[in-house]
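Enquirer: Here is my input; please provide its structure:
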Amino acid sequence: MKSPHRTLSARNSASRAGKRRLLVLGLSAALLLAGLPARAIDTLYLYNWNNYISEDTVQRFEAHCKCRLKQDYYSDNEEMLAKLEAGAVGYDVLVPTGNAVESLVRRHALREIDRARLPNLRNIKREFLDTWFDPGNRYSVPYATSVTLIGFNADKMKELDLPTDSWALIFEPQYLKKLKGRVTVLNSQRELMAAAMKYLGYSVQEHDPAKWEEAKRLILRAKPYWAAFSNSTYIKDLAIGTIWVAHGYSNDMWRAQQDAAAAKRPFTIGFATPKEGAVLAVDNFVLHKSGRRPDLAHQFIDFMLEGSNAADVSNLIGAGNPNAAATSHIRPEIAANPGIFPPAAELQRLEMLRDFDPKLRRTLSRMWTEIKVR
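Expert: Now for the predicted structure:
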C-alpha cells in the first residue's frame with residue numbers, strides 16, 4: 001500500500017514541475033513573439049543626402065538608441081520629392097532643404113514636430129529658427145548649412161590666369177576655352193539655373209519667365225565646354241585632378257580639398273563664393289507621415305542636436321552649422337573658413353531657393369529638359 005503522504009508529495013511535485021515547464025514555455029514563446037517584431041521595427045529609416053552623416057555618428061546613435069539606422073540616399077531635392085510623389089513610403093526622417101520643406105508642408109506630407117521631445121532644440125541659433133519655409137518650426141529642425149559655390153584647382157587657375165571669384169569661370173567662353181572638358185556643374189535644375197541667375201544679376205526667387213529664359217540661354221552657351229553634369233563624382237574628380245573647376249556644395253569642396261591633401265597631390269584645391277552671390281542651403285530634419293517610428297525619429301533628432309554630435313557634420317564633412325552648442329567642438333580651421341561659414345557681409349549676397357507656383361515649375365522643367373537634351 002502506497003503512503004498517502006508520498007503520493008500527495010509526488011503529485012504536488014509533478015504539478016510544480018508541470019507549472020515550471022509551462023512557465024518556461026510561456027516565457028520562451030513570449031520572448032520569441034516579442035523579439036521578432038522588435039528586431040523588425042526597432043529600425044529608423046532615414047532618407048538622406050549622400051555623404052551627410054558619418055559612420056561614426058551612425059554607430060554612436062545606434063548604441064544610444066539600441067536600434068538600427070538604415071539610410072537611402074538622394075543627390076538632389078527634386079529627386080527626393082519625385083520619389084515620394086511616386087509613392088515611396090516608410091521613411092521616418094528626411095533631410096530636405098528649405099524650399100523642399102516648403103513643398104512637403106504644402107503637400108501635407110509631414111508629421112508635426114513634438115518640441116517637448118526635443119530639449120536640445122534650444123541649441124539652434126536664433127537666426128535659423130522661425131524661417132520663411134516653416135514659421136514656428138512646426139515641421140523642421142535645422143541640421144546643417146552649405147553654400148553652392150565654385151571649387152577649383154588653385155594651381156591650374158594661377159597657371160591659366162583665371163578668376164576664381166566669379167560665376168564667369170563656368171559661364172563665359174573666354175575662360176571656358178582654357179578649361180574645355182575640365183569643368184563639371186551640378187545635375188540640378190534649381191542649383192544650376194540659380195547660379196546663372198545670380199551671374200546675370202537676378203534673384204533666385206525671380207518669377208519672370210523671360211529672365212529664366214535668359215539664364216537658360218547662358219547655360220546652353222556654356223554647356224559645350226563642360227565635361228559633365230555631376231552631383232557627387234566631382235568630389236573625387238577634383239581631388240585627383242581630372243577636373244579643374246566644379247560647381248558644387250561647400251562641404252563637398254572641403255572634402256575634395258582634404259582628400260587631395262591626404263593623397264599628397266601636387267596641387268591645392270580651393271573654393272570660394274562668387275562675388276555675384278550664391279545659394280545658401282539650410283538642410284533640416286523632418287518627419288514624414290509614412291514613418292512608422294516617430295518615437296525613434298524624435299530620439300534621433302534630439303541626439304543630433306547635442307553639441308558634440310552636431311559638430312560632427314562640420315568636422316567630418318565640412319558642413320556649415322546652425323547649432324550654437326556645436327561651435328566649441330568644431331575644428332578651428334573649419335570654423336574660420338569663409339566658404340563654409342560666410343561672414344556677415346557675404347551672407348547678404350546669399351539667397352535660399354524657394355518653391356514656385358505650379359505654372360513656373362512646369363516652365364522651368366521644360367527649360368531643364370531642353371538644357372539636358374541639347
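Enquirer: Confirm A144 sits in a strand?
Expert: Yes. Counting by DSSP: H, G, I helix; E, B strand; the rest coil, A144 is found in a strand.
Enquirer: Just give the nearest non-adjacent residue to it, would you?
Expert: Distances taken as CB to CB, 6 or more residues apart in numbering place A319 nearest to A144, at 4.0 Å, with adjacent residues excluded. For glycine as for every other residue, the C-beta is placed from the backbone atoms N, C-alpha and C.
Enquirer: Also L129?
Expert: The shortest distance from L129 to any non-neighbouring residue, by CB to CB, 6+ apart, is to N137 (5.8 Å).
Enquirer: what about stretch 87-101, distance to the chain center?
Expert: Computed by CA atoms, centre = their mean, to the nearest Å, the chain-centroid distance of stretch 87-101 equals 10 Å.
Enquirer: Same check on stretch 195-203?
Expert: Stretch 195-203 has its C-alpha centroid displaced from the chain centroid by 24 Å (CA atoms, centre = their mean).
Enquirer: tell me the contacts of the residue nearest to A144?
Expert: 52, 144-146, 250-251, 313, 340 (CB atoms under 8 Å, 6 or more residues apart in numbering).
Enquirer: And N187, by the same measure?
Expert: 75-76, 229-231.
Enquirer: try it again with 7 Å
Expert: Contacts here follow CB atoms under 7 Å, 6 or more residues apart in numbering; on that basis N187 touches 76, 229-231.
Enquirer: can you put these in TSV and add secondary structure and pLDDT?
Expert: Listed next are the contacts of N187 as TSV, based on DSSP: H, G, I helix; E, B strand; the rest coil; pLDDT from 0 to 100:
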residue	secondary structure	pLDDT
D76	coil	84
F229	strand	97
S230	coil	94
N231	coil	90
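Enquirer: Taking these, please make a PyMOL selection of just the buried ones.
Expert: The buried residues among the contacts of N187 can be selected in PyMOL (16 or more other CB atoms under 10 Å) with this line:
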select buried, resi 76+229+230+231
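Enquirer: Can you convert the contacts of N187 into CSV and add a column each for distance to W244?
Expert: As requested, the contacts of N187 are exported to CSV (distance: CB to CB, whole Å):
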residue, distance to W244
D76, 24
F229, 17
S230, 14
N231, 18
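Enquirer: Relative to L238, which of the contacts of N187 is nearest.
Expert: Closest approach between these and L238, by CB to CB: S230, at 9.9 Å.
Enquirer: tell me the phi and psi of the closest one?
Expert: With angles defined as degrees, to the nearest 10, S230 sits at phi -140, psi 130.
Enquirer: so it touches S188, yeah?
Expert: No. Checked against CB atoms under 7 Å, the pair S230 and S188 is beyond contact range at 10.1 Å.
Enquirer: circling back to that earlier point, how close does the residue nearest to L129 get to N284?
Expert: 9 Å (CB to CB, to the nearest Å).
Enquirer: neighbour count winner among those two?
Expert: Ranked by neighbour count (other CB atoms under 10 Å), N137 and N284 place N284 first, with 25 against 19.
Enquirer: Tell me the secondary structure at that one.
Expert: Quick answer, by three-state DSSP: N284 is strand.
Enquirer: which residues sit in contact with it?
Expert: For N284, the contact set (CB under 7 Å, 6+ apart) comprises 95-96, 101, 140-143.
Enquirer: now those in a markdown table, with pLDDT, distance to E214 and secondary structure?
Expert: Converted to a markdown table, the contacts of N284 look like this (pLDDT from 0 to 100; distance: CB to CB, whole Å; DSSP: H, G, I helix; E, B strand; the rest coil):
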| residue | pLDDT | distance to E214 | secondary structure |
| --- | --- | --- | --- |
| V95 | 97 | 32 | coil |
| P96 | 96 | 28 | coil |
| V101 | 96 | 29 | helix |
| S140 | 98 | 33 | strand |
| V141 | 98 | 37 | strand |
| P142 | 97 | 33 | strand |
| Y143 | 97 | 34 | strand |
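Enquirer: Could I get the buried residue list for the helix or strand harbouring L220?
Expert: Take DSSP states H and E as the rule and L220 turns out to sit in helix 209-222. Residues of helix 209-222 classed as buried by neighbour count (16+ other CB under 10 Å): 211-212, 215-216, 218-219, 222.
Enquirer: what's the domain layout of this structure?
Expert: Domain assignment for the chain by automatic domain parsing gives 43-145+280-343, 146-279+355-373.
Enquirer: Can you add distance to R349 and give those back as TSV?
Expert: Output for those, formatted as TSV (distance: least, CB to CB, whole Å):
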stretch	distance to R349
domain 43-145+280-343	8
domain 146-279+355-373	4
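Enquirer: can you give me the offset of the helix holding L220 from its chain's centre?
Expert: With CA atoms, centre = their mean, you get 28 Å for helix 209-222.
Enquirer: which residues sit against it?
Expert: In contact with helix 209-222 (CB under 7 Å, 6+ apart) are residues 170-171, 173, 176, 192-193, 196-197, 200, 202, 206, 360, 363-364, 367, 370-371, 374.
Enquirer: Stretch 147-161 now?
Expert: With contacts defined as CB under 7 Å, 6+ apart, stretch 147-161 is touched by 164, 169-170, 178, 191, 195, 238, 241, 244-250, 253, 256, 267-274, 278-281, 339, 342, 350.
Enquirer: Where helices are concerned, which of the residues you listed count?
Expert: With DSSP state H as the criterion, helices contain 169-170, 191, 195, 238, 250, 253, 256 from among those.
Enquirer: Max pairwise distance over the residues you listed: which two?
Expert: A195 and A256 (18.2 Å).
Enquirer: So between these two, which is more surrounded?
Expert: Each of A195 and A256 has its neighbours counted (other CB under 10 Å); A195 has more, 29 against 26.
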